[in-house]
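Engineer: pasting the sequence and the predicted coordinates here, then a few questions.
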Amino acid sequence: MENLEDKVAVVTGAASGIGKGMAETFADAGMRVVLSDVEEAALHAMAAGLRDAGADVHAVVTDVASAGEVAALAESALGTYGAVHVLCNNAGVYTGSRPSWESTLDDWEWILGVNLMGVVHGIRTFLPVMIEQNEDAHIVNTASLAGLLTGGSLYGATKTAVVALSETVHLELVRDGLKPRISVLCPGLVDTNIYHSQRNRPARLSDAGPVPGDWSVEAAKKAFKTGLSPRAVGERVVEAIREQRFWILTHPEYGKHIEHRMTQLLNGDNPTLLPMPGQ
């Protein structure tokens, strides 16, 4: 898919963070973009800004944890543009880094519903459409370095599952000689507001586990501000789509951490952590 002009992209979690960066990059490449997010006001503000800049966009409020809402997103995208060539299963939430056994079942249901089942719903809904179109197409699943490294608690568990699912779908598409391809995006720290995911937590899943004593919104905000820009991530995603590259690793400084984990696995060693860059 070297030429993206006039192709149609669907991006979940598009109202902020990495999703916004990808949507902006796709629009600049001449794509028509379907913006999806659960945060309605931010979604429509994002859509208005892109339209003012001359982009062809369509906004659909969607909770990716709901299979029915993802099906409605696909119906709206196809009804508006007639095809989907790129799908970014990007919507994600973060519940904090408390010990996993202190997390509530509501914590688990919320983060699994968005981070993992949102990807499952996207693949099950859109990939058959892409296969039927019989055109070049691409799926990008947003995981995280937390899906490649030791630890990460609930968040890491969901992102590890996204990596494994993405690898499986890649092998299945290649085995069957189908045109769509898939990538998994594993970024490190990016300048987003995922640390403030609680703003979109459903009322029905409000029973949250305790917040770690050393955690605060202000400290998290300061840390995330040092991260890579979402637009830079979007540009690397476009490169990977054009090159049909599976792995999208935005932070090469973590290579030794991935190698450390793999070496321990092959040696049968118990897990340990290397210091994070800058620590």
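Structural biologist: Okay, I see it.
Engineer: what about the helices in this protein?
Structural biologist: For the chain, the helices defined by DSSP state H occupy 17-28, 40-52, 67-81, 105-111, 117-133, 153-175, 217-224, 230-243, 255-267.
Engineer: out of the ones you listed, deepest packed?
Structural biologist: Stretch with highest mean neighbour count among those: helix 17-28 (a mean of 25; mean count of other Cβ atoms under 10 Å). C-betas here are computed from N, CA, C, even on glycine.
Engineer: so what's V140 up against?
Structural biologist: Counting by Cβ atoms under 8 Å, 6 or more residues apart in numbering, V140 makes contact with 22, 86-90, 182-185, 237, 240-241, 248.
Engineer: hey, what's it bridged with?
Structural biologist: Per DSSP bridges, the residues bridged to V140 are C88, S183.
Engineer: against V57, how distant is it?
Structural biologist: Per Cβ to Cβ, to the nearest Å, V140 is found 18 Å from V57.
Engineer: could you do G122 as well?
Structural biologist: Per Cβ to Cβ, G122 is found 18 Å from V57.
Engineer: count of residues packed around the residue lying closest to Q198 once chain neighbours are set aside?
Structural biologist: With sequence-adjacent residues excluded and distances taken as Cβ to Cβ, 6 or more residues apart in numbering, Q198 is closest to A208, at 7.5 Å. Neighbourhood size, A208 [other Cβ atoms under 10 Å]: 16.
Engineer: how much space between A208 and R98?
Structural biologist: For A208, the distance to R98 - Cβ to Cβ - is 9 Å.
Engineer: kindly report the same for P180.
Structural biologist: From P180 to R98 the distance is 38 Å (Cβ to Cβ).
Engineer: between those two, which one's more packed in?
Structural biologist: Legend: neighbour count by other Cβ under 10 Å for P180 and R98, higher for P180 (23 against 18).
Engineer: what's the pLDDT at that one?
Structural biologist: P180 carries a pLDDT score of 98 in this model.
Engineer: does it really touch E172, like I thought?
Structural biologist: No - the pair P180 / E172 is not scored as a contact, 10.3 Å apart, by Cβ atoms under 8 Å.
Engineer: contact partners for V93?
Structural biologist: Listed by Cβ under 8 Å, 6+ apart, the contact partners of V93 are 110-111, 114-115, 194, 197, 200-201.
Engineer: now list the buried members of those residues.
Structural biologist: 110-111, 114-115, 194, 197, 200-201 (16 or more other Cβ atoms under 10 Å).
Engineer: how about the nearest residue to S197 once chain neighbours are set aside, phi and psi?
Structural biologist: Nearest residue to S197, sequence neighbours excluded (Cβ to Cβ, 6+ apart): V93, at 3.9 Å. Per-residue torsions, V93: phi -130, psi 170 (degrees, to the nearest 10).
Engineer: returning to that earlier point: any chance of the buried ones among the contacts of V93 in JSON lines, with distance to K222 and pLDDT too?
Structural biologist: Converted to JSON lines, the buried ones among the contacts of V93 look like this (distance: Cβ to Cβ, whole Å; pLDDT from 0 to 100):
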{"residue": "W110", "distance to K222": "25", "pLDDT": "98"}
{"residue": "I111", "distance to K222": "24", "pLDDT": "98"}
{"residue": "V114", "distance to K222": "25", "pLDDT": "98"}
{"residue": "N115", "distance to K222": "24", "pLDDT": "98"}
{"residue": "I194", "distance to K222": "14", "pLDDT": "95"}
{"residue": "S197", "distance to K222": "17", "pLDDT": "95"}
{"residue": "N200", "distance to K222": "22", "pLDDT": "96"}
{"residue": "R201", "distance to K222": "22", "pLDDT": "97"}
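Engineer: L145: which of those is nearest?
Structural biologist: Using Cβ to Cβ, the shortest approach to L145 within those belongs to I194, at 13.3 Å.
Engineer: for K159, see how far away T226 is.
Structural biologist: Following Cβ to Cβ, the distance that separates T226 from K159 is 21 Å.
Engineer: run a quick neighbour tally on the nearest residue to H170 once chain neighbours are set aside.
Structural biologist: What sits nearest to H170 in space, not counting adjacent residues and going by Cβ to Cβ, 6+ apart, is I182, at 5.0 Å. I182 has 25 neighbouring residues, counting by other Cβ under 10 Å.
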